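Asks: Predicted coordinates and the sequence they were generated for:
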Amino acid sequence: MNTIIVYFDLPNQVLEERIERTNRSTNIFRVATTFEEVLERQSVNEQEEELLPPTQSETDHLFVIKGAKDIHTVISDICNIAE
């Protein structure tokens, strides 16, 4: 089994807007049940401690999305891993 982390290095407002419009399945989550829960956990961690971005040592594959231009490449790379 491969673990994949996709880190969205985007402002919370952008993430909240995307979460509201998403129809994506949450079956990919191991712990959380909704995208809102993921964002809420991140926000709580940011307030309680200095939250550091994930590192390559935490996962088999780490992808960082900084903007819309990164989305298609990351999706393509993940699909290639899944094959």
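Replies: Here it is on my side, so go on.

Asks: residues of the worst-scoring helix or strand of the chain on mean pLDDT that come out buried?
Replies: Least confident helix or strand of the chain, by mean pLDDT, DSSP states H and E, is helix 35-48 with a mean of 74. Going by neighbour count (16 or more other CB atoms under 10 Å), the buried part of helix 35-48 is 35, 38-39. (Each C-beta comes from the backbone N, C-alpha and C, glycine too.)

Asks: Direction included, what does the helix or strand following it pair up with?
Replies: Counting by DSSP states H and E, the next helix or strand C-terminal to helix 35-48 is strand 61-65. The pairing partners recorded for strand 61-65 under DSSP bridges are strand 4-8 (parallel).

Asks: now the angle from the strand it pairs with to helix 35-48?
Replies: Interaxial angle of strand 4-8 relative to helix 35-48 (axes from the mean of the first three to the mean of the last three CA atoms, to 10 degrees): 70 degrees.

Asks: Export only the CA atoms of strand 4-8, formatted as PDB.
Replies: Extracted in PDB, the C-alpha atoms of strand 4-8 (Å, rounded to 0.1, in the frame of the first residue of the first chain):
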ATOM      1  CA  ILE A   4       0.000   9.800  -0.600                       C
ATOM      2  CA  ILE A   5      -0.200  13.200   1.000                       C
ATOM      3  CA  VAL A   6      -1.500  16.100  -1.000                       C
ATOM      4  CA  TYR A   7      -0.700  19.400   0.800                       C
ATOM      5  CA  PHE A   8      -2.700  22.400  -0.400                       C
END
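
Asks: so who does the residue of the chain positioned farthest from its centre touch?
Replies: What lies farthest from the middle of the chain is Glu83; by CA atoms, centre = their mean that is 20.5 Å. Not one residue lies near Glu83 by CB atoms under 8 Å, 6 or more residues apart in numbering.

Asks: and the gap between it and Arg41?
Replies: Counting by CB to CB, to the nearest Å, the gap from Glu83 to Arg41 is 31 Å.

Asks: for Ile78, same thing?
Replies: For Ile78 relative to Arg41 (CB to CB), the value is 22 Å.

Asks: do the same with Ile81
Replies: For Ile81, the distance to Arg41 equals 25 Å [CB to CB].

Asks: likewise Ser25?
Replies: Counting by CB to CB, the gap from Ser25 to Arg41 is 19 Å.
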